[in-house]
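Peer 1: one predicted model, sequence on top.
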Amino acid sequence: MATAIRTDFGMLDGVPAEAIELTCGALSARVLPLGATLQSLVVPDRDGRGGDVVLGYDDIQSYRDRPAWFGVTVGRYANRIAGGRFTLDGREYVLEINNAPNHLHGGSDGFDKRLWDVVAVTADDAGARVVLSLVSADGDAGYPGTLHATATYTLTDDALTIDYAATTDAPTIVNLTNHAFFDLGGAGAALQHDLTIHADRFLPVDAGSIPTGERRAVADTPFDFRTPRRIGERVRDGRDAQIAIGHGYDHNYIVDGPAGTLRPAAVLHDAQSGRTMTVAITAPGLQLYAGNFLDGSQPGKDGRLYRQGDAICLEPQAFPDSPNQPDFPSVRLDPGAAWNSRIMYRFTTG
């Protein structure tokens, strides 16, 4: 049986806030209109005990005051744009430099900081869902065109699916994703998870984490997750200068198969709990990020101090800096066209 209800979730900037609680079978999820955020995702382990597998905060105000992209929707453009500049139809657009010397995740007032409208909250035999919408005005953060975006979370008895969609009234660029940090065991030991990524190639980056333009084979590098590998073992493999001890992974993989079709991208497995998460995506790339900025200085849920490697991000997205790299798949969106991206997280135990 599926349920979807709107509930109180404390105060945000002195005003009552809400959350949407989705349940279906043994799974449950909590979604916040602030940032169209996945605040909680409870999944049973091999013994049937439910556990929250995503990082975040227990109160909504912390998402505003201590932004860390925990489970948020990132936009207009996820990841980095070199120098905070891009050219479209011969005109240069200048964006905020919030990750010097680059623009990151839509800027300091990106979609993760916005209060999205709740369009629909429903439950039926197909699952529980919430639809959220946001209007980003022409010139917002320097981006052209008025963008109408939606985020739809659908929970079934074995999966959470996120559907992003967008339209525009003028040529623009778009690249939305969810920035969930996954810890399938709940013990802050994500580097002990086994990871598979369905990709033969990845994008090397420069010192500013901007892709160099090369599509490098993962074979014989620490980036090779074509068969299940313990993440921590790959981090300690020093054969490739792209991985530096103390920094870890923050790289985009070119997922096998045609972009635009829902296809397998990754499998994350925690042997201790028995939880396995299979990720399917329509985006061309998947960013592997090991929470490199988490330094244990601020508390998250239940007062837990999050550290580097406690959780892993698997972010479906366009390639970083695509607007400045013509050889990358286009991120252009024109009036009359629709942009769509689907992310499916399927859970099993064993």
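Peer 2: Looks like it arrived, so ask away.
Peer 1: neighbours of K301, how many?
Peer 2: Counted by other CB atoms under 10 Å, the residues lying close to K301 total 18. The C-beta positions use only the backbone N, C-alpha and C, and glycine is treated the same way.
Peer 1: distance of it from P258?
Peer 2: 38 Å (CB to CB, to the nearest Å).
Peer 1: which SS class is the residue nearest to R275 when sequence neighbours are not counted?
Peer 2: Distance criterion CB to CB, 6 or more residues apart in numbering; nearest residue to R275, sequence neighbours excluded, is L184 at 4.3 Å. State at L184, reduced to three classes by DSSP: H, G, I helix; E, B strand; the rest coil: coil.
Peer 1: show me the contacts for L184.
Peer 2: V43, V53, A190, H193, L268, H269, D270, S273, R275, T276, M277 (CB atoms under 8 Å, 6 or more residues apart in numbering).
Peer 1: closest to A337 among those residues?
Peer 2: M277 (31.9 Å; CB to CB).
Peer 1: I'd like the distance between that closest one and L314.
Peer 2: Distance from M277 to L314, by CB to CB: 8 Å.
Peer 1: who touches both of the two?
Peer 2: F182, L268.
Peer 1: what about the residue nearest to R275, distance to T122?
Peer 2: With CB to CB as the criterion, L184 and T122 are 28 Å apart.
Peer 1: tell me the pLDDT of I243.
Peer 2: Per-residue confidence at I243 stands at 48 (pLDDT).
Peer 1: phi, psi of the residue nearest to R275?
Peer 2: Phi and psi for L184, reported as degrees, to the nearest 10, are phi -70, psi -20.
Peer 1: for the contacts of L184, which one is nearest T161?
Peer 2: For those, the nearest to T161 is M277 (12.9 Å; CB to CB).
Peer 1: identify the bridge partners of the closest residue to that closest one other than its chain neighbours.
Peer 2: Distance criterion CB to CB, 6+ apart; nearest residue to M277, sequence neighbours excluded, is L268 at 4.7 Å. L268 has these beta-bridge partners by DSSP bridges: L195, M277.
Peer 1: residues contacting the closest residue in space to A126 that isn't next to it in sequence?
Peer 2: Using CB to CB, 6+ apart and skipping residues adjacent in sequence, the residue nearest A126 is T156, 7.3 Å away. Residues near T156 by CB under 8 Å, 6+ apart: A2, C24, G25, L27, A126, G127.
Peer 1: quick check: T156 vs L195, distance?
Peer 2: Taken as CB to CB, the span from T156 to L195 is 24 Å.
Peer 1: now do L104
Peer 2: 24 Å.
Peer 1: what do you get for G185?
Peer 2: 13 Å.
Peer 1: more neighbours: those two, which one.
Peer 2: L195 (21 against 18).
Peer 1: that one contacts R229, correct?
Peer 2: Yes. Here L195 reaches R229: they are 6.1 Å apart, a contact under CB atoms under 8 Å.
Peer 1: now do stretch 155-167: distance to the chain's middle.
Peer 2: Taking CA atoms, centre = their mean, to the nearest Å, one finds stretch 155-167 lying 13 Å from the centre of the chain it belongs to.
Peer 1: check what pLDDT the nearest residue to D183 once chain neighbours are set aside gets.
Peer 2: Of all residues not flanking D183 in the chain, A311 sits nearest, at 4.2 Å (CB to CB, 6+ apart). A311 is assigned 96 on the pLDDT scale.
Peer 1: contacts only, for A311.
Peer 2: V54, L55, F181, F182, D183, G188, A190, G291, L294.
Peer 1: neighbour count, distance to V74 and secondary structure for those - can I get that in a markdown table?
Peer 2: Formatted as a markdown table, the contacts of A311 follow (neighbours: other CB atoms under 10 Å; distance: CB to CB, whole Å; DSSP: H, G, I helix; E, B strand; the rest coil):
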| residue | neighbour count | distance to V74 | secondary structure |
| --- | --- | --- | --- |
| V54 | 26 | 15 | strand |
| L55 | 25 | 15 | coil |
| F181 | 25 | 13 | strand |
| F182 | 21 | 16 | strand |
| D183 | 26 | 19 | coil |
| G188 | 18 | 23 | coil |
| A190 | 25 | 20 | helix |
| G291 | 25 | 15 | coil |
| L294 | 21 | 17 | coil |
